[in-house]
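Peer 1: give me a 3D structure for the following:
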Amino acid sequence: MNITTDKITFSYRLFSFGKLKIFLSLYILLFISGCNQITTDLTINGKDIAIPSSEGWILINYWASWCSPCLKEIPELNELTENLPEPLAGVYGIYFDSLPIEEIMQKQEEFHVKYSMLVPMDEKYPSPRALPANYLIGPDGTIHGPLLGSQTVESIMSAIARFSAETTNGKSKWGVIERHR
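Peer 2: Residues are numbered from 1 along each chain as shown. Purely as a prediction, here's the structure:
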């Protein structure tokens, strides 16, 4: 009887281990398949957006109201937002200082910022050391930048062309920060 109990216990343990192996294999497969998913971000107005975008490049602009070069580039970024020249798919801002969302919305209105502001997410995007700072996120999720100082429509489109050429020609990716997931 003792041997039978041991066999039953032994076969039960093998059966449980087999189930555990299957469960872990499925879990790992699901985890790995989710690694290439586009993540969503939230604007301060509550709208979900997909970054990176398969439709083209995304510009992320860090700014603050006390930064005069930041204020200088707002009309240029507004123009980009209104026209969205290809291959640019979106322009979004992140207010540099930690403020409640209501205050960020007030700053957006006060300084006539027409592009959507993102809810600040710790460590989701690189934190710039100087302002204004712009990052370009390619359709493959690669973050390029920062583009420091006031930018123009021409300088941003030129940077997209340069980063696109570096990516497609297999050259070293100067300015690449990280891959966005």
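Peer 1: so which residues of the chain form helices?
Peer 2: Assigned by DSSP state H, the chain shows helices spanning 2-33, 68-83, 101-110, 153-168.
Peer 1: tell me where the model's unsure across this structure.
Peer 2: 1-40, 44, 121-123, 167-181 (pLDDT under 70).
Peer 1: again, only this time at 50
Peer 2: 1-3, 6-17, 20-38, 170-174, 176-181 (pLDDT under 50).
Peer 1: what about residue 126, neighbour count?
Peer 2: Other residues within reach of residue 126, judged by other Cβ atoms under 10 Å, total 16. The way it works is simple: take the backbone N, C-alpha and C, and place the C-beta from them, glycine included.
Peer 1: burial measure for residue 136, as a count.
Peer 2: 23.
Peer 1: what's the neighbour count on residue 84?
Peer 2: Using other Cβ under 10 Å, residue 84 has 14 other residues around it.
Peer 1: distance of it relative to residue 58?
Peer 2: Distance, residue 84 to residue 58, by Cβ to Cβ, to the nearest Å: 11 Å.
Peer 1: so for these two, which residues contact both of them?
Peer 2: Common contact partners of residue 84 and residue 58 (Cβ atoms under 8 Å, 6 or more residues apart in numbering): 90-91.
Peer 1: so what's the nearest residue to residue 86 once chain neighbours are set aside up against?
Peer 2: Using Cβ to Cβ, 6 or more residues apart in numbering and skipping the chain neighbours, the partner closest in space to residue 86 is residue 56 (6.5 Å). Neighbouring residues of residue 56 by Cβ under 8 Å, 6+ apart: 86-90, 139.
Peer 1: now do 6 Å
Peer 2: By Cβ atoms under 6 Å, 6 or more residues apart in numbering, the contact set of residue 56 is 87-89.
Peer 1: among the residues you listed, which ones are in strands?
Peer 2: Cross-referencing the contacts of residue 56 against strands under DSSP state E gives 88-89.
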